[in-house]
Structure formats: structure tokens, C-alpha cells
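Undergrad: What follows is a protein structure lacking sequence information:
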């Protein structure tokens, strides 16, 4: 560095804070006067909210003098010197002049009033006598029995009508409920999510006599007093249930998996189809779908989960490990000799029965006596032999 500065400093004193970025060239010497003269002779007491750029040269006087020294508190009431461009919509509240602008056109009325009516009646008496009947017939043949006014929100004291109570409508004299002239209109207005037919029945106590499904026991019940016996089951507790006109249509639509729905709903023993075969796994044979003992080959009514077959051969194909001569329930197994034909049961002379739970030692579940009858012939598979479920003597 040089022993002395190259130039004198450009400012009288250093700034309080360093500049953010140093300039490339030194600043010029400060000016002696302000760039622009102040816009007013004295500063304002507080800064303006929205400052604007100052004018270059303020005027000495206002542009236009005020129209009056002080503003008026209300508009002037005196009329304008010239009429308005178009008439007002309403007349003025009081006359605009103290006297008429022009004298009357005549001093007196044109004519004096007449002493008698101008014209005489056209006839001295009515033309015709009064009619016996009204000119037009009444709008209705008879008055209505009750007024047609809609129900009021607040009933009159002592008035009676239908009003909603829970999931039905009742007839009474409430203090605050809306009243309806009938149970049907009350159901429509207040219980629209319930079948109108069922709602009206529950409200009036008159059963619909229609049918509804009880899927918990795979039957259909009729809407009638349960004391009347099956298929009556009383009014359904589930108000969303659909009603059917017949037991058969209810079973077909809602209990389709139960072929004996109609019989069970009526409280009768299921009769089955009577002409179709199914595998009776208890008997391990193909049996006819009909009550056991009701006819030859009937092995009891098939359950809803059993598959039925049109012929014994198609049914026996399901249990193909059973000899075809032993497959069909109730069929006789014959043995031919030179002298006579007898059944195998007669030859063997064996009677089999199902063991009780106490007699079974292998923990298996007991079968029926009918299932053990197959063991009386030459059949040796389950439940016979080593299965230990049948006792043959």
C-alpha cells in the first residue's frame, strides 16, 4: 500500500453499516440541494396510508373554488329555473302556484240538472215471473259429509284421527300429533318405508291373509292369528318383508332350496317327489324320495341338500363301489336253485340292528336300524362288518 491515500474520501464520515455489495466505481460527491422541492411547505403530522408520487410543481391555488362556503345539510327545495326533461311519475304533493294559471272557460255550469230521470223504465212490470229452479244446477249433487281441508298441524281439542305411533298408525285424540282421516293416508304420509298393505293391517288389526317367508326354519307363514294353526304365523315382525298371494309362490321365491317347503309350512310330513331316487347315506343305498314305508323302495324324504335322480341306475353310479344288486333300497336279492327261488334274507335267517352309542367302542356315531338291514344279506361294507355299527344275530 501507498503511504498516503490516493484521494480524499468521498463522504465526510463512514456509513453506519457496510453496503450489501460494493460498487464497481466510487460514488460522486453529494449534492448540495434536494433533487426536487418539497410538495408542501411543512411536513404532515403522520405518514399517508397510500403514498403517491409527488407532483413536480404544486399549484398555488385550488383548481376550482368551492360552490359554497359550507356544504348544505340537505338538498335545496327551490324549483329549478327550467322544467325537467320528462314528467315525474307521481303528481307533486301540493300546487305549484297559489292560483290557477288560467280563468275558467265558463262562468257557470253549462246546463241545469234535470228534475226527472232522463229515461223512463222500459216496462211497467217485470217481463216474466220468477223461475222455479236456479238457472244453473249446483256444482255437486250433495254436500260432502266432512270438510275437505287438509289435516292441521295442531288438532283441535277433542278431535279424533289417525296418527303415527312407532311402526303403525293408531286412531285416537292426541294433543300434538298430525291427524289423518284414514289409516291408509297416515301410512302413506308417515310410514312410507313399510308396505302400505302391511302398515294398514298392523294399524287396523285386520290381517292381510297373505304369506311371508321365515327363512330361519325354511317355511312360509300366513299373516293370520297363530292360534288358527299352521300355516298362520301372525303378523310379520320384520316390516320390510314382501307379501305373497299364495303359499306356493312364497316358497318358490323365498325358500327355493327346500323342496318340502309347502308341506312343512302346512305342518304336514314332507311327502317328497315319490318318483325320484337319492343316495340315502345312512342306508348306503339309492332310495325313492318318499316317506319310509309308504311304498316299496321309499327310504324317507330327501333333504334339501340331497341330489335326486330320475333313475336308480344314475343314482347307483354315484356309489359305484356298491354292488348293483345291493344298491337299490327295498329291492330283493334272489338266489336261484334247481328247486326254488328264495330271498337271501330267508336263506341266511339273520336279523341286524343298529348298535347304541354305549355299545359302539370306536367313537363312531350311531346309525339307524334301517341302515343296518343291508347287513342281513351278502353286503359286507359300511356300516357292516368291521365298522362296528350294527349287531347281527
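TA: Structure's in. What do you need? Nothing here was measured: the structure is a model prediction, and the numbers come from that model.

Undergrad: Now the phi/psi pair for residue 277, please.
TA: Torsion angles at residue 277 (phi, psi; degrees, to the nearest 10) stand at phi -100, psi 150.

Undergrad: Identify the residues contacting it.
TA: 286, 287, 288, 289, 308, 309, 310, 311, 312, 314, 315, 328 (Cβ atoms under 8 Å, 6 or more residues apart in numbering). All C-beta atoms are positioned from the backbone trio N, CA, C, and that covers glycine.

Undergrad: buried subset of those?
TA: Taking 16 or more other Cβ atoms under 10 Å as the criterion, what is buried in those is 286, 287, 288, 289, 308, 309, 312, 315, 328.

Undergrad: in the stretch 251-393 of the chain, which segments are predicted with low confidence?
TA: Applying pLDDT under 70 to the stretch 251-393 of the chain flags the ranges 332-349, 377-380.

Undergrad: where in the stretch 101-250 of the chain is pLDDT low?
TA: Within the stretch 101-250 of the chain, the stretches with pLDDT under 70 are 101-158, 175-176.

Undergrad: all strands of it, in order?
TA: 161-165, 168-172, 211-214, 219-222 (DSSP state E, counting those that start in this stretch).

Undergrad: So which of those strands is the most surrounded?
TA: strand 219-222 (a mean of 25; mean count of other Cβ atoms under 10 Å).

Undergrad: Which residues does that strand contact?
TA: Residues outside strand 219-222 that contact it (Cβ under 8 Å, 6+ apart) are 209-214, 231-234, 236, 244, 247, 250-251, 254-255, 258, 261, 264-265.

Undergrad: between the strands of the stretch 101-250 of the chain, which gets nearest to residue 358?
TA: Across the strands of the stretch 101-250 of the chain, residue 358 has its closest neighbour in strand 219-222 (35.8 Å, Cβ to Cβ).

Undergrad: Can you verify my assumption that residue 289 contacts residue 309?
TA: No. If you go by Cβ atoms under 8 Å, residue 289 and residue 309 don't touch, sitting 9.5 Å apart.

Undergrad: ok so, going back, just flag the most distant two among the buried ones among the contacts of residue 277.
TA: Checking the buried ones among the contacts of residue 277 with Cβ to Cβ, the most distant pair is 308 and 328, at 14.4 Å.

Undergrad: ok, back up a step: which single one of the contacts of residue 277 is nearest to residue 354?
TA: residue 287 (16.8 Å).

Undergrad: got a list of what the nearest residue to the closest one once chain neighbours are set aside touches?
TA: Using Cβ to Cβ, 6 or more residues apart in numbering and skipping residues adjacent in sequence, the residue nearest residue 287 is residue 299, 2.4 Å away. Counting by Cβ under 8 Å, 6+ apart, residue 299 makes contact with 280, 283, 285, 287, 288, 292, 329, 330, 370.

Undergrad: Out of these, which end up buried?
TA: The neighbour count (16+ other Cβ under 10 Å) marks 280, 283, 285, 287, 288, 292, 329, 330, 370 as buried among the contacts of residue 299.

Undergrad: Now tabulate these in a markdown table and tack on secondary structure and distance to residue 323.
TA: Listed next are these as a markdown table, based on DSSP: H, G, I helix; E, B strand; the rest coil; distance: Cβ to Cβ, whole Å:
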| residue | secondary structure | distance to residue 323 |
| --- | --- | --- |
| 280 | strand | 16 |
| 283 | coil | 14 |
| 285 | strand | 11 |
| 287 | strand | 16 |
| 288 | strand | 19 |
| 292 | coil | 22 |
| 329 | coil | 14 |
| 330 | coil | 16 |
| 370 | helix | 19 |
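
Undergrad: for those residues, which one is nearest residue 274?
TA: Nearest to residue 274 among these, with distances taken as Cβ to Cβ, is residue 288, at 6.9 Å.

Undergrad: is it true that that closest one touches residue 275?
TA: Yes. Contact status for residue 288 versus residue 275: in contact at 7.1 Å, counting by Cβ under 8 Å.
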